[in-house]
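Peer 1: got a sequence here, can you model it:
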Amino acid sequence: MGRGALSHAPPPLWLALPFAGLLISIALGPILARRVWHVHYGKAAAFWALLALALQAAMLGPAPTAEAALHALLTDYLPFMAMLFALYTAAGGIVVSDLAPARPRHNTALLAAGTLAASLIGTTGASMVLIRPLLQANATRQHKIHLVIFFIFLVANIGGALSPLGDPPLFLGFLRGVDFFWPLRHLWPHWLLTAGLLLAIFFAVDTYFARHEPKFAPGEAPMRVRGLANVALVGVAVAAIVISGVWRPGIAFDIFGTHLVLQNILRDGVLIAVGFISLAVTPQADRAANHFSWAPIEEVAKLFAAIFICIVPVMVLLAAKTDGPFAPVIALLSRGDGAPNDAAYFWATGLLSSLLDNAPTYLVFFGLAGGDPAQLSGPLAPTLAAISLGAVFMGALTYIGNAPNFMVYALARRAHVPMPSFFGYLAWSGAILLPVFILVTALFFW
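Peer 2: This is a model prediction of the structure:
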């Protein structure tokens, strides 16, 4: 993460306090004061961002602070939001409908398709497109809590591990310089094992419940898809992101000390255009059928603006490695010979991702591992794999681990599915996911 002028003046540890306060607010706000949080989260985000700017300006001066904040917003926040805007808007115009009552094999196939789609249109996009068809196809069933829970596991989280499009942490890694196809090349074995095991467990559980359904009337689950223009727009967005990673025209612009290259400017412009074109060509009836709402992306936009501002001094502190104030934390993540402990990175990143948003957690551990994309995607590839998978996979452990989780929960509640409480969901996820993650650790990180 570029820090502009701050990179020459490492800040004191207390400048990281607004970032810590923001993450604690994000983690505890929806639990302790849900109604207040959903109304005033923007004010909370603005408070921490303004406090961070004020503290940095008082310590380091207004000019370096403004330069560093502008750098973060132009090189990280704007591309991040452009990608989310394009995929969220286009995916929100794809309607899957007219499914008959589904058999367990149809439900399993739908979850498998959603798991694959999550890496192409993002976990948020795939969740938005497919949660309604899943609920519709199982509307007459009495036992369907497990359907939504496994949907959150697979479609809203684990499915997004194969590309930067899939989950925000991986896109942030792409913005740091990790190759677009790195997740596909390095994470597919972990993804295949985890998704395969969970789909097999789901099929067994769904078969058990289906056999105990007194009114269960299976069908052949025909499917109708509307909004195919948005499928093409998703393809345009994917192409723009891939091209920006391989095309190097060597043209750049300097905006108040921030270095912007042509390929990234064009990529972000194309992504924004994709979103507006989708709005223009999609009938309102299709978006209404998907219960399309700007609320999820509005929340992401406000919170991440604050995150990218507050995290600037944190990333500078992390860049100091063993010479900085985070040296004790780095020591806990290292083996006796100083090499990274990949199992520790996997679990530390993952458990924090389940309590905080997984994107800022990824950034923190990316920095703790050195923050050099060439090293992390090369010699330290197992460490980056551990960080990436911890952030993507373990976001499924709680409702607040990843943005789509709570959206799926809300849509299921609207469809009269009696979803478990925060701790009830934690019991489900702990019983099912933790043994799978222990197996992943044993096979890949020890």
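
Peer 1: only C-alpha atoms for contact and neighbour calcs from this point on.
Peer 2: Noted.

Peer 1: isn't Pro418 up against Leu147?
Peer 2: No. Pro418 is beyond contact range of Leu147, at 11.6 Å (criterion: CA atoms under 8 Å).

Peer 1: which of those two has more neighbours?
Peer 2: More crowded of Pro418 and Leu147, by other CA atoms under 10 Å: Leu147, with 21 against 13.

Peer 1: the more buried one sits in which helix or strand?
Peer 2: In this assignment (DSSP states H and E), Leu147 forms part of helix 145-154.

Peer 1: and Ala52, what is it in contact with?
Peer 2: Residues in contact with Ala52, defined by CA atoms under 8 Å, 6 or more residues apart in numbering, are 15, 18-19, 309-310.

Peer 1: and if you look at Tyr345?
Peer 2: 333, 365, 383, 386-387, 390 are the contacts of Tyr345 under CA under 8 Å, 6+ apart.

Peer 1: which residues of the stretch 301-446 of the chain score low on pLDDT?
Peer 2: The stretch 301-446 of the chain contains residues with pLDDT under 70 at 320-324, 356.

Peer 1: the helix holding Leu147 - what's its average pLDDT?
Peer 2: For helix 145-154, mean pLDDT is 96.

Peer 1: show me which residues of stretch 59-77 are buried.
Peer 2: Of all the residues in stretch 59-77, those buried under the rule 16 or more other CA atoms under 10 Å are 60, 64-77.

Peer 1: relative to Ser278, which of those is nearest.
Peer 2: Nearest to Ser278 out of the buried residues of stretch 59-77 is Tyr77 (CA to CA; 21.7 Å).

Peer 1: tell me how far the closest one lies from Ala359.
Peer 2: Using CA to CA, to the nearest Å, Tyr77 is found at 12 Å from Ala359.

Peer 1: burial measure for the residue lying closest to Gly395 once chain neighbours are set aside, as a count.
Peer 2: Computed as CA to CA, 6 or more residues apart in numbering, the closest residue to Gly395 that is not its neighbour in sequence is Gly401, at 4.0 Å. Number of residues near Gly401 (other CA under 10 Å) recorded here: 27.

Peer 1: likewise for Val281?
Peer 2: Neighbours around Val281, by other CA under 10 Å: 13.

Peer 1: what sits against it?
Peer 2: Ala229.

Peer 1: mind listing the helices for the stretch 101-250 of the chain?
Peer 2: Counting by DSSP state H, counting those that start in this stretch, the stretch 101-250 of the chain has helices at residues 104-137, 145-154, 168-176, 182-211, 228-246.

Peer 1: which of the ones you listed sits closest to Pro373?
Peer 2: With respect to Pro373, and counting by CA to CA, the nearest of the helices of the stretch 101-250 of the chain is helix 168-176 at 6.6 Å.

Peer 1: how many degrees apart are the closest one and helix 104-137 in direction?
Peer 2: If you take axes from the mean of the first three to the mean of the last three CA atoms, to 10 degrees, helix 168-176 sits at 90 degrees to helix 104-137.

Peer 1: the contacts of Tyr345 in helices, which ones?
Peer 2: Here DSSP state H is the test, and the contacts of Tyr345 give 365, 383, 386-387, 390 as lying in helices.

Peer 1: looking at those, spot the one nearest Phe444.
Peer 2: Distances from Phe444 to the ones in helices among the contacts of Tyr345, taken by CA to CA, are shortest for Ala386, at 8.9 Å.

Peer 1: ok, for that closest one, nearest residue in space, not its chain neighbours?
Peer 2: Phe346 (4.4 Å).
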